[in-house]
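In: Fold the stuff below for me.
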Amino acid sequence: MKRRRMHSVKAAIVLPAVLLLAGCGGSSVKVVDQPPGSPPTHARSAPPPAWAETEHDSHWLAYSNYCWSASGSAQCGDFVAPSCADRRIPKMALQQGETIRFHLGFDPTKVSVTEGGSSETLPPGRDPIVRARGTNGAMTLFVHAPGGSATYAACLQFMRQSNNLNIHPSQQ
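Out: Presented below is the predicted three-dimensional model:
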């Protein structure tokens, strides 16, 4: 009887200590904050704002077009095709092959990215990932969800490498 109680006491002390230490270890999941500044403004029934994260930076994505229903109302917004000359479209400086992680405020059922006229279907999820192919210009993220569909936009500007240095597009 005494032995059983001793095992219970040891378990009561050791188990919480093990769980605490396990929680203090390094994590491979990167916790990322939202980009600086306010998200783009939208109508009451618009899809939630989305943002993109690269190795160097993060940016709110611009709305390109959408048809969305929320809170008992529906609305469609159709904007001009995304252009890098438009100041509302965020400019993302990155390297060819760099990973872009998108962050959505909903669970999409379909996701695709178009860069340089070529489209790629991605697995659906709140944080889809794509590797940038290296084409300067507008990039769009299309998503479909139970609330509707939306297209977000950004402008990709690829850094040129020279003697192992990255040269930002504004310095080229």
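
In: Quick check: which element contains the residue nearest the centre of the chain?
Out: By C-alpha atoms, centre = their mean, the chain has its centre lying nearest to F102, at 1.7 Å. Element membership for F102, per DSSP states H and E: strand 99-103.

In: give the contact list for the residue nearest to the centre of the chain.
Out: A50, W51, A52, E53, L61, V111, D127, P128, I129, V130, L141, Y152 (C-beta atoms under 8 Å, 6 or more residues apart in numbering). (C-beta placed from N, C-alpha, C; glycine too.)

In: ditto for E55
Out: Neighbours of E55 in contact, by C-beta under 8 Å, 6+ apart: L94, Q95, E98, T99.

In: can you do 6 Å?
Out: Contacts here follow C-beta atoms under 6 Å, 6 or more residues apart in numbering; on that basis E55 touches E98.

In: ditto for A70
Out: By C-beta under 6 Å, 6+ apart, A70 lies in contact with S45, G147.

In: redo that, cut-off 10 Å
Out: A43, R44, S45, A46, P47, P48, F106, G147, G148 (C-beta atoms under 10 Å, 6 or more residues apart in numbering).

In: now swap in G97 and tell me
Out: By C-beta under 10 Å, 6+ apart, the contact list for G97 reads R131, A132, R133, G134, F158.

In: let's see 8 Å
Out: G97 touches R131, A132, R133, G134, counting by C-beta under 8 Å, 6+ apart.

In: Whichever of these end up buried, select them in PyMOL.
Out: The PyMOL command for the buried members of those (criterion: 16 or more other C-beta atoms under 10 Å) is given here:
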select buried, resi 132
